[in-house]
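**Q** coords below, sequence missing:
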């Protein structure tokens, strides 16, 4: 195994190689060290472009989630810094595309409301509600609990975390994943 030096910046290639070897083995200590070393920089870099704290936090979460999910697939000669910042840059671009799509959708939705085309029948409303309920039922149990606490009781992430005895970040992750899944499925079904 290797020794991590607290609060020291690992600048030498040898230290970087040790971290990479640890990651390839799925070593949580190496992952945590990289998280502590890069999280604030990734957040600040993302915030500079996105100008939204929640989006910047989301990018940082996404980067480290991808790192953990792909750590055993990295090559033994990978440049971790380059990999992390490439994933960060791509996550920022993805957020910009998403924001652009949402803005277009909102503009189209607003235009249809103004022109009076947005009226839906009671049957269409109940059909959409039934399909949304079916999607909620398909969520993993913890995501479902968090999502329902948000929409039925209007609890904040802090309140949900306390109620479910999980961290605020975990509650946020469950809520975001549930929303994303439901939104994607509703779009697939032509409901949004």
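**A** Yep, it's here. Treat the numbers as computed from the prediction; the structure is a model and nothing was measured.
**Q** okay, now residue 37: neighbour count?
**A** A count of nearby residues for residue 37, using other Cβ atoms under 10 Å, gives 17. C-betas here are computed from N, CA, C, even on glycine.
**Q** How far away from the center of its chain is whichever strand or helix holds it?
**A** When elements are defined using DSSP states H and E, residue 37 is found to belong to helix 28-50. Counting by Cα atoms, centre = their mean, to the nearest Å, helix 28-50 is centred 14 Å from the centre of its parent chain.
**Q** before we move on, what about stretch 162-176?
**A** The chain centroid and the centroid of stretch 162-176 are separated by 13 Å, computed with Cα atoms, centre = their mean.
**Q** what comes up buried for it?
**A** Of the residues in stretch 162-176, 164, 166, 170-176 count as buried by neighbour count, 16 or more other Cβ atoms under 10 Å.
**Q** about what we covered before: could you give the mean pLDDT of the helix holding residue 37?
**A** For helix 28-50, mean pLDDT is 91.
**Q** Outside of that helix itself, list whatever touches it.
**A** Here helix 28-50 makes contact (Cβ atoms under 8 Å, 6 or more residues apart in numbering) with 4, 9-10, 18-23, 53, 55-57, 59-60, 63-64, 67-68, 71, 80, 84-85, 88, 91-92, 95-96.
**Q** How many residues are close by residue 79?
**A** Burial of residue 79 is recorded as 14 neighbouring residues (other Cβ under 10 Å).
**Q** Tell me which helix or strand the closest residue to it other than its chain neighbours sits in.
**A** In this structure, residue 79 finds its nearest non-sequential neighbour in residue 16, 7.9 Å apart by Cβ to Cβ, 6 or more residues apart in numbering. Taking DSSP H and E as the criterion, residue 16 maps to helix 13-24.
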